[in-house]
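1. mind looking at a prediction? Sequence and model below.
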Amino acid sequence: MSPRVPRVLAVAGTDPTGGAGQHADLKSIAAMGGYGMSAVTAVVVQNTLGVRCVHVPPVEFLAAQLDAVAEDVEIDAVKIGMLGSVPVIETVTRWLEDRRPPVVVLDPVMVATSGGRLLEREAEDALRAMLGHADLVTPNLPELAVLAQEEIASSWAEALAQGHRVARAHGTLVLVKGGHLTGDRTPDALVGPDAPKPLVAFDGARVPTENSHGTGCSLSSALATLQARHGDWAHSLRIAREWLRGALERSGDLAVGHGSGPVHHFHHVQDALESWGAAPARFSDELWAASAGVRREIEELDFVRGLGDGRLEPERFLAYLDQDLQYLDGYSRALTLLAARAPDERQRLFFAAGAVSCTETESELHRARLRHAGPGAAGAGPGEVTRRYTSFLLAATAAEPYPVGLAAVLPCFWVYADVGRHLGELAAAAGTGEHPYADWLATYADEGFQEATRTARELLDEAARGASPAVRERMREVFLEACALERDFFAAPVAAVRLAGIDGIE
Ligand SMILES: Nc1ncnc2c1ncn2[C@@H]1O[C@H](COP(=O)(O)OP(=O)(O)O)[C@@H](O)[C@H]1O
Ligand SMILES: Cc1ncc(COP(=O)(O)O)c(N)n1
C-alpha cells in the first residue's frame, strides 16, 4: 500500500542559502506531503551568486549516515543529487545495491545554475555507470549531453532523441527538461527505453523570472515524493510541474539573495495561512517598520506639534502652505508619469485620478492662503527642500523601474495619512475650543485620502511580488529616502521662518 506520508531520503550536497541541494529537497518533499530526510554528500559554500568551494567529508561518514537512516526508517523513496566525486558515487552505488528503496530518482547534478562545477570531470564515467540503478534520471540539457556523450541538443526534438538514447543505454526512464532551451516555452517529457516517442509530454510558457536556483533539485525531489505516493510517473510529473510553476511565479515574494534567487516552495502554504487569517507578510509592512525612526522624528518636530495643538504661528503655517502648493505641482507631475507607465488600466486610472486630485488640492491651498494672509499674499519660489523632493520624485517616476517609482510616491500618501492621525490625536488632547487649523486638519483625516493610501500600498505590494531582489532593494532605498524628505519638508517652514528672522523664536 502506498504510504500516506512518504518517507523520502535526499542524498545531496548543501546550500547554506537554502535554495538548492538538500535544503531545496527537504522543502520540496514537505511541500508535496512527504517526510523528508537527508544524508550529506558534500558541504558546499555557495549562495545565489555562485559556488565558492566544496568540502567532501570522508565517504565512510556518508556510508554511516545512509546506514543510520536505513537501519531505523523504512525509506519509500530516495532522491540522489550532487555526488561530486568517484568515491562518493561508489559509496552511494554500493548502498543502493544493498538497500535499494522502492523509488530511486537520480538528478545528475554537474554544474550549478549560478555557475561552478559540482561534479569532477573524471567522475562522469562513474555517474553514467550508476544510471541503471535509478528508476528515473532528471538531467538538464547540458547534463543530458554529458550522459549521452554527445553535443548539447539545440532543439526540443533533438533533446527527446538524445533522452531516448540515454534511456535505452541504461534501461531507465529519462525526464527530458526544456528549462535550458532558448525561447519562451519550457516543455518536459518522460522518455523510456523502449520507444523514442515520449511516454508523456507537457508544455507551458516560461515564467519570466531569474529565480531558477534549485529548480532541478526541487523538481526531482517532488517527483520522488509524489511517485512514492501515487506510483504513476505521468501523474507525478503533472502535479510537480504545476507546483513548480507556482513556486517560480511566486519566487519574487521571497527576496532572498542578489543573484538567481530560489523558488517559493511553500507558496501554496502561504495562501492557506492567509485564508486562515494569518496576517500576510507584506513588503510595505517591512518598509513601514524600517521607516519608524524617521516617523518618530516627524512627530517630534515643532511644526507638527504646533499644528496639532493649534499653537503654530500663522507665518509658519503660511510658509508651509506656500511650499506645499509648489510641492503638489511636482507631485502631480510625478503621478502623471506613473499613470503613463502603469502596466494596467486600474493603476493608470488610480494615478491619473491622484494627479487630478493634487491639482484640485492646489487650488484649494490657494484659497486657504488667501483666507489666512489676505489678498495680495505672494508666495516665495520653491525652497531648497521642495526642489530636492520634487526632483527626486520626478527622477524616480520617470527613469527608474515602475515599482521603484511607486515606492517614491507612497510616503507622501502614507506618512501624510499617518501624520494626520497623529495630528487628530493632538487636536483632541488640546481641548474642544476653536482650533485655528481645524479645516486643514480635516483634509488629513479625509476618508477618500485614507482609501487612496490603502490602494497605493496594495499596488506597491503587488509590484514588489513580481520584482527582482535588486529592484526590491532599490524600492526600499527610495521609500526611505522619500520618508526622510517628508521629514525635511515638515521641518522646513520652521527653519525658513527662523532664517528670515520673522518671529525670532530662538
Ligand atoms: N522560467 C521557467 N519557467 C517555467 N519553468 C521553468 C523555468 N525555469 C525552469 N523551469 C522548469 O524547472 C525544471 C528544472 O529546470 P531545468 O532548468 O531544466 O533544470 P536544472 O535546474 O537542473 O538546470 C523544468 O521542469 C523546467 O521546465
Ligand atoms: C548542493 C547543490 N546541489 C545542486 C545544485 C544545483 O542546483 P541548480 O542548478 O538548480 O542551481 C546546487 N547549486 N547545489
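-> Thanks, I have the structure now. If you're wondering where the values come from, they're calculated on a predicted model, not measured in any experiment. Residues are numbered from 1 along each chain as shown. Ligands and ions are numbered 1, 2, ... in the order given.
2. put the alpha carbons of the lowest-mean-pLDDT helix or strand in the chain into CSV.
-> Ranked by mean pLDDT, DSSP states H and E, the weakest helix or strand in the chain is helix 438-445, scoring a mean of 74. What follows is helix 438-445, C-alpha atoms only, in CSV (Å, rounded to 0.1, in the frame of the first residue of the first chain):
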residue,chain,number,x,y,z
ALA,A,438,-9.4,72.7,12.1
ASP,A,439,-10.3,72.8,8.4
TRP,A,440,-6.8,72.0,7.5
LEU,A,441,-6.6,69.0,9.8
ALA,A,442,-9.9,67.7,8.3
THR,A,443,-8.1,67.2,4.9
TYR,A,444,-5.7,64.8,6.6
ALA,A,445,-8.5,62.7,8.0
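3. mind checking pLDDT for the closest residue to A408 other than its chain neighbours?
-> Closest residue to A408 apart from its sequence neighbours, by Cβ to Cβ, 6 or more residues apart in numbering: A396 at 3.6 Å. Backbone N, C-alpha and C define where each C-beta goes, glycine included. Here, the pLDDT recorded for A396 equals 97.
4. same check, this time on A167
-> 98.
5. tell me which element it is part of?
-> Taking DSSP states H and E as the definition, A167 sits inside helix 156-170.
6. contacts for that helix?
-> 128, 131-132, 137, 139, 141, 144-145, 147-148, 150, 153, 172-176, 178, 181, 187, 189, 191-196, 198 (Cβ atoms under 8 Å, 6 or more residues apart in numbering).
7. tell me what the strand or helix carrying L423 is packed against?
-> Using DSSP H and E, L423 falls within helix 402-429. Applying 3 or more Cβ pairs under 8 Å, 6 or more residues apart in numbering; DSSP states H and E, one finds that helix 402-429 makes contact with helix 283-290, helix 292-299, helix 302-309, helix 314-341, helix 384-399, helix 438-445, helix 447-465, helix 469-500.
8. could these go into TSV alongside distance to A12 and mean neighbour count?
-> Output for those, formatted as TSV (distance: least, Cβ to Cβ, whole Å; neighbours: other Cβ atoms under 10 Å):
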stretch	distance to A12	mean neighbour count
helix 283-290	32	17
helix 292-299	41	15
helix 302-309	56	20
helix 314-341	44	20
helix 384-399	43	18
helix 438-445	56	14
helix 447-465	29	17
helix 469-500	25	20
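9. in the helix holding L423, what's buried?
-> Counting neighbours by 16 or more other Cβ atoms under 10 Å, one finds that the buried residues in helix 402-429 are 402-420, 422-423, 426-427.
10. ok, now stretch 190-209?
-> By neighbour count with 16+ other Cβ under 10 Å, stretch 190-209 contains the buried residues 190-192, 198, 201-202, 207, 209.
11. filter these down to just the ones in helices.
-> Counting by DSSP state H, no part of the buried residues of stretch 190-209 is found in helices.
12. which single one of the residues you listed is nearest to ligand 2?
-> The closest of those to ligand 2 turns out to be T209 (Cβ to the nearest ligand atom; 13.4 Å).
13. residue contacts, that closest one?
-> So T209 contacts 248-249, 251-252 (Cβ under 8 Å, 6+ apart).
14. mind listing what V92 touches?
-> So V92 contacts 11, 41, 62, 66, 80, 83, 130 (Cβ under 8 Å, 6+ apart).
15. and the gap between it and ligand 1?
-> 19 Å (Cβ to the nearest ligand atom, to the nearest Å).
16. adjust the sequence numbering to begin at 891 for everything that follows.
-> Taking 891 as the first residue, the last one we looked at is V982.
17. before we move on, what SS does that residue have?
-> Classification of V982 by DSSP: H, G, I helix; E, B strand; the rest coil places it in helix.
18. near ligand 2 at all, stretch 1063-1071?
-> No - against ligand 2, stretch 1063-1071 shows no contacts by Cβ under 6 Å from any ligand atom, the least distance being 8.9 Å.
19. and that stretch, anywhere near ligand 1?
-> Yes - Stretch 1063-1071 lies within reach of ligand 1 by Cβ under 6 Å from any ligand atom, at 1067-1070.
20. now do the same end-to-end measure for that stretch.
-> Counting by Cα to Cα, to the nearest Å, you get 21 Å between the two ends of stretch 1063-1071.
21. which outside residues touch it?
-> 1025-1032, 1034, 1045-1046, 1049-1050, 1052-1054, 1056-1057, 1075-1083, 1088-1089, 1102, 1105-1106, 1109-1110, 1113, 1123, 1127.
22. now H913: which helix or strand?
-> In this structure, H913 sits in helix 911-921 according to DSSP H and E.
23. just the residues contacting that helix, thanks.
-> Under Cβ under 8 Å, 6+ apart, the answer for helix 911-921 is 898, 900, 902-905, 908, 925-926, 928, 930, 934, 969, 971-972, 1104, 1107-1112, 1114-1115, 1133, 1137, 1152-1153, 1155-1156, 1158-1159.
24. right, and H1120 touches P896 too?
-> No - H1120 is beyond contact range of P896, at 9.7 Å (criterion: Cβ atoms under 8 Å).
25. neighbour-wise, which of the two wins?
-> Legend: neighbour count by other Cβ atoms under 10 Å for H1120 and P896, higher for P896 (25 against 14).
26. next, work out how far apart that one and ligand 2 are.
-> 21 Å.
27. confidence score at that residue?
-> On pLDDT, P896 comes in at 98.
28. find the nearest non-adjacent residue to it, please.
-> Excluding the flanking residues, the one nearest P896 by Cβ to Cβ, 6+ apart is A1118, at 3.6 Å.
29. test my guess that the one you found contacts P893.
-> Yes - using Cβ under 8 Å, A1118 is in contact with P893, at 6.5 Å.
30. between those two, which contacts overlap?
-> Jointly contacting A1118 and P893 under the rule Cβ under 8 Å, 6+ apart are D966.
31. who has more neighbours out of the two?
-> Set A1118 next to P893 and count neighbours by other Cβ under 10 Å: A1118 wins out with 26 against 15.
32. how near is the more buried one to ligand 1?
-> Applying Cβ to the nearest ligand atom, the value for A1118 to ligand 1 is 19 Å.
33. could you check the host helix or strand of that residue against ligand 2 for contacts?
-> In this assignment (DSSP H and E), A1118 forms part of helix 1105-1120. Yes - judged by Cβ under 6 Å from any ligand atom, helix 1105-1120 comes into contact with ligand 2 through 1105-1107.
34. which helices and strands does that helix pack with?
-> For helix 1105-1120, the elements it packs on are strand 897-902, helix 911-921, strand 967-970, strand 993-996, strand 1063-1067, helix 1123-1139, judged by 3+ Cβ pairs under 8 Å, 6+ apart.
35. ok, and of the buried residues of helix 1292-1319, which contact ligand 1?
-> Counting by Cβ under 6 Å from any ligand atom, no member of the buried residues of helix 1292-1319 reaches ligand 1.
36. so what's the residue in the stretch 891-1040 of the chain that ligand 1 sits nearest to up against?
-> Residue nearest to ligand 1 within the stretch 891-1040 of the chain (Cβ to the nearest ligand atom): N1030, separated by 3.4 Å. Contact analysis of N1030 by Cβ under 8 Å, 6+ apart lists 1067, 1069-1070, 1106.
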